[in-house]
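**Q** Just need the structure, nothing else, for what follows:
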Amino acid sequence: PPAPHRPESMMRCVLIAAMAVSAVEAFVSSGAGLNLAAPKARASTPLSVRMGKSAAQKAEVLSALNDRLSSAQFMFNTELEGITVKEISQLRTSLPAGSQAMVIKNTLLKKAAEGTPWEACEPLAKQSNLWIVVDEDVKGTITAFKKWSKEAKKEDVQGGVLEGNMYDAKGVEAIGQLPTKQELYAQIAGSIQAVPSKLAGTVKEIPQKTSRAIKLAFVPDE
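**A** The predicted model follows:
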């Protein structure tokens, strides 16, 4: 016969259900849930970001780059050499909304990243780079970049930065295989739907097993 359900197993199911519900509520309230709205328009940004000549221009450019990085959650780079302006434009068009391909001077990037989690990009800011800055769709952006680099016969990813940590090319590839927010939301929703049915089955079996236990308790010894 199947092993009996223990009370602690039932409590564990209840706790899992409560945690899952709380996770989804937090997930949705934070705006990280499934977004059914029309994709937001990609902001118009220059292909190349470099310091201006005057102090006011430099401050303006640095401020704009700081704002751009503050909204991003991930960025990665590839070597710029051999890539034309037309090819960069083609890449930019292929990227998901909220992701941008930008040529950023190393000195400017280091200055903007100073004192922020993006400071981890310093080892990557050596030669001329094309940076792909990502707001939300990390998986879709890496997939689009790899498709573009293969078709254009360009260099692959060199490295990237996520949450203050630098990753090499293999690390970026691994990040690109992580589930998207929509996929995570679907997994959580599926888990929540599964828990009540399992919990209901557990609760339904308790009276029957309790009844059998009471009957056995009063069976006279032979």
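
**Q** what's the pLDDT at residue 197?
**A** Note on residue 197: pLDDT of 61.

**Q** quick one: buried residues of stretch 109-117?
**A** 109, 112, 113 (16 or more other CB atoms under 10 Å). Backbone N, C-alpha and C define where each C-beta goes, glycine included.

**Q** and what of stretch 134-145?
**A** Neighbour-count burial for stretch 134-145 [16+ other CB under 10 Å]: 134, 135, 136, 137, 138, 139, 140, 141, 142, 144, 145.

**Q** any idea which of the residues you listed is closest to residue 54?
**A** residue 135 (30.2 Å; CB to CB).

**Q** Name the residues of stretch 81-100 that are buried.
**A** Neighbour count says stretch 81-100 has 83, 87, 88, 91, 92, 94, 95, 96, 98, 99, 100 buried, by 16+ other CB under 10 Å.

**Q** Can you tell me which of these is nearest residue 152?
**A** residue 87 (5.5 Å).

**Q** Go ahead and confirm the closest one touches residue 154.
**A** Yes - judged on CB atoms under 8 Å, residue 87 makes contact with residue 154 at a distance of 7.3 Å.

**Q** all helices of the protein, in order?
**A** 7-29, 55-70, 85-94, 106-113, 138-152, 169-176, 181-217 (DSSP state H).

**Q** Return the distance of residue 76 relative to residue 185.
**A** Distance, residue 76 to residue 185, by CB to CB, to the nearest Å: 24 Å.

**Q** again, but for residue 87
**A** 35 Å.

**Q** before we move on, what about residue 82?
**A** With CB to CB as the criterion, residue 82 and residue 185 are 40 Å apart.

**Q** again, but for residue 69
**A** Computed as CB to CB, the residue 69 to residue 185 distance reads 26 Å.

**Q** least trustworthy helix or strand in the protein by mean pLDDT?
**A** helix 7-29 (a mean of 46; mean pLDDT, DSSP states H and E).

**Q** Looks like residue 178 contacts residue 142 (just checking).
**A** No - using CB under 8 Å, residue 178 is not in contact with residue 142, being 9.7 Å away.

**Q** if you average pLDDT over stretch 61-78, what comes out?
**A** 95.

**Q** Please renumber the chain so that the first residue is 88 from this point on.
**A** Sure, I'll start counting at 88 from here, so that last one is stretch 148-165.

**Q** Output it as CSV - backbone C-alpha positions only.
**A** What follows is stretch 148-165, C-alpha atoms only, in CSV (Å, rounded to 0.1, in the frame of the first residue of the first chain):
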residue,chain,number,x,y,z
VAL,A,148,26.9,63.4,-22.7
LEU,A,149,28.0,61.8,-19.4
SER,A,150,24.6,62.5,-17.8
ALA,A,151,22.8,60.9,-20.8
LEU,A,152,25.0,57.8,-20.6
ASN,A,153,24.4,57.6,-16.8
ASP,A,154,20.7,57.7,-17.4
ARG,A,155,20.9,55.0,-20.1
LEU,A,156,22.9,52.7,-17.9
SER,A,157,20.7,53.3,-14.9
SER,A,158,17.7,51.7,-16.7
ALA,A,159,19.7,48.7,-18.0
GLN,A,160,20.0,45.3,-16.3
PHE,A,161,22.7,43.8,-18.6
MET,A,162,25.2,44.7,-21.3
PHE,A,163,27.8,42.9,-23.3
ASN,A,164,30.3,43.8,-26.0
THR,A,165,31.9,42.6,-29.2
